[in-house]
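>>> A structural model of the following input is requested.
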Amino acid sequence: MITSHPEAHPFSVAVLDDDPVIAQFMTDALKSLACQTQAYSDARACVAELTSSPVDVLITDLKMPDLNGLEVLRRIKEGAPSTEVIIATANADKDTAIEALRSGAFDYLEKPMSHEELLETVKMSHEELLETVKRTLRYQAVVKERDQFAAKASLLSKREASRWGLDAFVGESDSMRSVLDDLRALHGTIAAPVMITGESGTGKELVARAIHYGSMCSAGPFVPVNCSAIPADLAESTLFGHKKGSFTGATKDHKGAFDTADGGTLFLDEIGDMPADMQAKLLRVLEDSTVTPVGCSVGHSVNVRIVAATNADLMIKIEKREFRSDLYYRIAAYTIQIPPLRERKSDIPTLARHFAQELAADMGFAPPGIDSKALSLLKDQPFPGNVRELRNVIEGALIRGRGGPIRAEHLITIHRTTNPKALAENEALRPSGAPAGLPLNLNEVEAIAIKRAMAVAHGNVSAAARLLGINRSKLHRKLAALYTP
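The predicted model follows:
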């Protein structure tokens, strides 16, 4: 018995022969296969019906008065290409058999044929059909998965490009216009390495992401690596990966940043802090685009675009032999200088409003306003932490103002550590009449600790929470309670 594919219709066989007796003989013989059978004696009627309602297998005579078997074969393969066709004839010759097989016939039978020969050929054709169906289903599944992934990747790429593209930049100052001009010049490039310079907090990673999502490798990954945060003994493994057992603690294979970024962009932040031995290894990888994981003797190629960033003056480091000049010129084919916030003060009001709206949405508040005194105070600040510090200041102000309009008194976390009045302000926090040093009241001690932590952290709630040894959400609650009128 033939077992049909579980998801397919019942196995069906059609017989076409201008001699009704022979057609009936074959359909009777096929009943033992438990398949559906149809018999035809008119070739044109058979072709018309089977091209609109295909069967799994067609057995057709070769010599017929209206259409011969080869023509039936061609028409069936055009109209119902999944139907397997078997040619049967009493006038067999080698050339005709070859022509039939070349035209797509599954097999060629000579009349008279035995039941066994007929059944064996039909069984074989059915098995071949099932394999074809399985291969087709597997192929369709793979294609569907590929198309879904491509669509998802394309959508993600568009979303990310929108989030990290030129529209993500806020500011109309001449210095920011210059940065945007640089990004437009790089738009659509593939391999050109880029060096981004600027103080901490100026937005170097934002620029790096804009470079990636504006490039032809935007569908690939963007992988950021902070070179200053990598322990020296793990730097090679972090960048290039390692094999299991290559060193103590290597309990499994590890894919490095280069392999993770293959086909996309590797962002090497604070590259000026990279150890000298790693600079040499990085240079070798950049020269031949080949990565050799720790513990491997053979490397493999990668296709990665390098975007690096630093807050240091690499030319001074080169003079001091702290940074390789050959590596610098390899990674600095194009350089972008990000200005500090103090050099683009005209952008501060726009940035403050942008952060207020963005952060308020995250906190579930309506977009708040910022009064003129608060804006004036913000514009007068040096912001050594740059845009990052401004964002943190606005976040703290929103918490203290409970989502209402931001006023000058909400900006208590504005940078104090370099302010000449810092000591006097800290002293003013001490209750009247209390001895010098910390007050005895625990609530007052906590308030002072929170305010000092926020000042040291330049308004960064997460950093202040780490200084205080509590989690971020707990600090949010304490800040809200502390500044509730």
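>>> Tell me where the stretch 51-200 of the chain has helices.
69-79, 94-102, 115-164, 174-186 (DSSP state H, counting those that start in this stretch).
>>> which one of those has the lowest average pLDDT?
Among the helices of the stretch 51-200 of the chain, helix 115-164 carries the lowest mean pLDDT, a mean of 55.
>>> How about residue 124: what's its closest non-neighbour residue?
Residue nearest to residue 124 in three dimensions, not counting chain neighbours: residue 107, with 7.2 Å by CB to CB, 6 or more residues apart in numbering. The C-beta positions use only the backbone N, C-alpha and C, and glycine is treated the same way.
>>> And that neighbour, how far from residue 50?
18 Å (CB to CB, to the nearest Å).
>>> Which SSE is immediately downstream of the helix or strand of the chain with the lowest mean pLDDT?
None of the helices or strands of the chain scores lower by mean pLDDT, DSSP states H and E than helix 422-428, at a mean of 43. Following helix 422-428 in sequence order, the next helix or strand is helix 442-456 (DSSP states H and E).
>>> which strands and helices sit next to that next one?
The elements that helix 442-456 packs onto, with contact taken as 3 or more CB pairs under 8 Å, 6 or more residues apart in numbering; DSSP states H and E, are helix 461-468, helix 472-482.
>>> Let's see that with 6 Å instead.
helix 461-468 (3 or more CB pairs under 6 Å, 6 or more residues apart in numbering; DSSP states H and E).
>>> who has more neighbours, residue 107 and residue 50?
residue 50 (24 against 19; other CB atoms under 10 Å).
>>> Give the phi and psi angles for that one, as a check.
Dihedral pair for residue 50: phi -80, psi -20, per degrees, to the nearest 10.
>>> and it, what is it in contact with?
residue 80 (CB atoms under 6 Å, 6 or more residues apart in numbering).
>>> can you rerun that using 10 Å?
When contacts are counted by CB atoms under 10 Å, 6 or more residues apart in numbering, residue 50 touches 12, 14, 16, 38, 40, 58, 60, 72, 75-76, 79-80, 83, 85.
>>> Now that we have these, which of them are buried?
12, 14, 16, 38, 40, 58, 60, 72, 75-76, 80, 83, 85 (16 or more other CB atoms under 10 Å).
>>> and the two most separated of those residues?
Maximum pairwise distance in the buried ones among the contacts of residue 50, criterion CB to CB, is 18.3 Å, between 12 and 75.
>>> Can I get the buried ones among the contacts of residue 50 in a markdown table including distance to residue 345?
Conversion of the buried ones among the contacts of residue 50 to a markdown table gives the following (distance: CB to CB, whole Å):
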| residue | distance to residue 345 |
| --- | --- |
| 12 | 81 |
| 14 | 85 |
| 16 | 88 |
| 38 | 86 |
| 40 | 89 |
| 58 | 83 |
| 60 | 87 |
| 72 | 85 |
| 75 | 80 |
| 76 | 79 |
| 80 | 75 |
| 83 | 77 |
| 85 | 82 |
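>>> Sort out which of those are in strands and list them.
Under the assignment DSSP state E, those contribute 12, 14, 16, 38, 40, 58, 60, 85 to strands.
>>> picking that back up, from the contacts of residue 50, pick the one nearest residue 243.
Closest to residue 243, out of all of the contacts of residue 50 and judged by CB to CB, is residue 83, at 52.7 Å.
>>> close enough to count as contact, that closest one and residue 55?
Yes - the pair residue 83 and residue 55 passes the contact test of CB atoms under 10 Å, sitting 6.0 Å apart.
>>> Now for those two: what residues contact both?
12, 14, 76.
>>> those strands in the stretch 301-450 of the chain, which residues are they?
305-310, 334-337 (DSSP state E, counting those that start in this stretch).
>>> looking at those strands, which is buried most?
Of all the strands of the stretch 301-450 of the chain, strand 305-310 has the most neighbours on average by mean count of other CB atoms under 10 Å, namely a mean of 26.
>>> Could I have the CA atoms of that strand written out in CSV?
Taking C-alpha atoms only, strand 305-310 is exported to CSV below (Å, rounded to 0.1, in the frame of the first residue of the first chain):
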residue,chain,number,x,y,z
ARG,A,305,34.0,48.5,9.6
ILE,A,306,35.9,50.2,12.4
VAL,A,307,34.7,53.4,14.1
ALA,A,308,36.8,54.5,17.0
ALA,A,309,36.4,57.2,19.6
THR,A,310,38.6,58.9,22.2
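>>> What pLDDT is listed against residue 26?
As predicted, residue 26 sits at a pLDDT of 81.
>>> thought it was touching residue 57?
No - using CB under 10 Å, residue 26 is not in contact with residue 57; the gap is 11.2 Å.
>>> what touches both of the two?
When contacts are counted by CB under 10 Å, 6+ apart, the set common to residue 26 and residue 57 consists of 13, 15, 37, 122.
>>> what about burial for the residues you listed, which qualify?
Of the shared contacts of residue 26 and residue 57, these count as buried by 16+ other CB under 10 Å: 13, 15, 37, 122.
>>> Just the element for the nearest residue to residue 230 once chain neighbours are set aside, please.
Closest residue to residue 230 apart from its sequence neighbours, by CB to CB, 6+ apart: residue 238 at 5.1 Å. For residue 238, the host element (DSSP H and E) is helix 235-240.
>>> Would you mind pulling up the elements that that helix packs against?
strand 222-226, helix 257-260, helix 276-288 (3 or more CB pairs under 10 Å, 6 or more residues apart in numbering; DSSP states H and E).
>>> and the ones you listed as TSV, adding mean neighbour count and distance to residue 457?
Below are the helices and strands packed on helix 235-240 laid out as TSV (neighbours: other CB atoms under 10 Å; distance: least, CB to CB, whole Å):
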stretch	mean neighbour count	distance to residue 457
strand 222-226	18	18
helix 257-260	20	28
helix 276-288	15	30
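>>> Of all the ones you listed, which one comes closest to residue 449?
Here strand 222-226 is closest among the helices and strands packed on helix 235-240 (CB to CB), at 28.7 Å.
>>> mind listing what the closest one pairs with, with the direction of each?
strand 265-269 (parallel) (DSSP bridges).
>>> pLDDT (mean, whole number) over the partner strand?
Strand 265-269 comes out at a mean pLDDT of 95.
>>> Look up the closest residue to the spatially most central residue of the chain, ignoring the ones flanking it.
Centroid-nearest residue in the chain: residue 221, 5.3 Å away (criterion: CA atoms, centre = their mean). Distances taken as CB to CB, 6+ apart put residue 264 closest to residue 221, at 4.0 Å, once the chain neighbours are dropped.
>>> Return the distance of the one you found relative to residue 212.
7 Å.
>>> Find residues that contact each of these two.
218, 220-223, 305.
>>> what two of those residues have the greatest distance between them?
218 and 223, at 13.5 Å, using CB to CB across the shared contacts of residue 264 and residue 212.
>>> Are there residues contacting both of the two? Which ones?
Counting by CB under 10 Å, 6+ apart, the residues touching both residue 218 and residue 223 are 212, 264-265.
>>> follow-up on the earlier one: quick check, nearest of the buried ones among the contacts of residue 50 to residue 357?
Among the buried ones among the contacts of residue 50, and counting by CB to CB, the member closest to residue 357 is residue 80, at 61.6 Å.
>>> Spit out the contact partners of that closest one.
47, 50-55, 58.
>>> Which of those ranks first by neighbour count?
Counting by other CB under 10 Å, top hit in those: residue 58 with 29 neighbours.
>>> That one contacts residue 82, correct?
No - with contact defined as CB under 10 Å, residue 58 does not count as touching residue 82 (11.1 Å).
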